[in-house]
Structures are given as C-alpha cells and as structure tokens.
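S.K.: One predicted model, sequence on top.
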Amino acid sequence: MSRKKATIIATAGFACVAIVVAIGLWLRLTHGQPENKTHQEALHAAEACGPCLPPGLSLAYEFSDSANPRRGITVQEKLVQLGAYCKNGVIYDRTGKTVVFYHIMEYGFTQHNAPQIYAKQRKEIEALQRENTVVLLYSAKPVQ
C-alpha cells in the first residue's frame, strides 16, 4: 500500500471516530441522558421504579420480551437493561424516553378473529413506539 493511500485511510478512520463522538455528545445534550450507571446504581434506580409501575405490574412480574424464543425476565431486570429511572411518577429509559408496558394478547389458533386482533395490536404498538420505549409483555409460557 502506498503512503498516500495509508494516509487517506487513517484520515477517514479518524473522521468516522470524530463523527461518532459528536453524535454521542449531541444525543447526551439533547436528550438529557444521565451518566452511565454502574450495575448497582441501575439496580437501585430500577427498584425505585416500583411505585411508578402501572396497576397489575410489579418488579417481580415475569414475562417474555420476545415471542420466540420464550425466555423469562422480570420487570426489574428489564428496567435495569433500559437504564430506567422514575421521575414524578413516570418511568424513563436512559435516553429520557417514557417507558410504556404493553401486554401482548395471545389467542393461538382457536380465536376466529385473531388476525384482526393482531393487526390492531401492531398498529397500537407502532403508534406508541413513535415517542416511547415500548416493553412488550408476552406470556412467559407459549400459548397452546
């Protein structure tokens, strides 16, 4: 490789790093992102979210955050993953977006209008995701 090509590649790499740093700084300034928390601090912040949870949910509530594969996770574990904190009765993620919990209704193949129900859920979720962090709550066990 010639010296000129090596210089161009090094300059391009430096420019990419500078852009990534600038974007990260902009996000922190515009979204009010709190400093990176240690795991212990994130755990305490998640525990403090307990009173801010919607009715019917607790920090120990177990669900699956994906349809496939099903893996159990508690609300508290998910809040730690999100870097969540509670302020004025509202739960926010580490970027300052409101955290919304959405129960996924699962009907299996016995419900004759299941496709319409799933389409309605999909539209509701898409609308919520425009301005919020949406935590999808699937049953921890698959529907038969």
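M.R.: Received, thanks. Because the structure is predicted, anything quoted here is derived from the model rather than measured.

S.K.: In contact with residue 85, which residues?
M.R.: 34, 45, 48, 49, 91, 92 (CB atoms under 8 Å, 6 or more residues apart in numbering). C-beta: built from backbone N, CA, C; applies to glycine.

S.K.: which ones among those are found in strands?
M.R.: 91, 92 (DSSP state E).

S.K.: So which of the contacts of residue 85 is the closest to residue 99?
M.R.: For the contacts of residue 85, the minimum distance to residue 99 (CB to CB) is 4.3 Å, reached by residue 91.

S.K.: And that closest one, how close does it get to residue 97?
M.R.: To residue 97, residue 91 is 10 Å away according to CB to CB, to the nearest Å.

S.K.: Looking at those two, which one has more neighbours?
M.R.: Neighbour count, other CB atoms under 10 Å: between residue 91 and residue 97, residue 91 has more, with 26 against 16.

S.K.: any idea how far residue 117 is from the residue lying closest to that one once chain neighbours are set aside?
M.R.: Leaving aside its chain neighbours, residue 91 sits nearest to residue 99 (4.3 Å; criterion: CB to CB, 6 or more residues apart in numbering). Distance of residue 99 to residue 117, given as CB to CB: 24 Å.

S.K.: Out of those two, name the residue with the larger neighbour count.
M.R.: More crowded of residue 99 and residue 117, by other CB under 10 Å: residue 99, with 21 against 13.

S.K.: Where does the prediction get shaky in this structure?
M.R.: The chain contains residues with pLDDT under 70 at 1-37, 107-111, 142-144.

S.K.: switch the cut-off to 90
M.R.: 1-46, 64-72, 104-121, 138-144 (pLDDT under 90).
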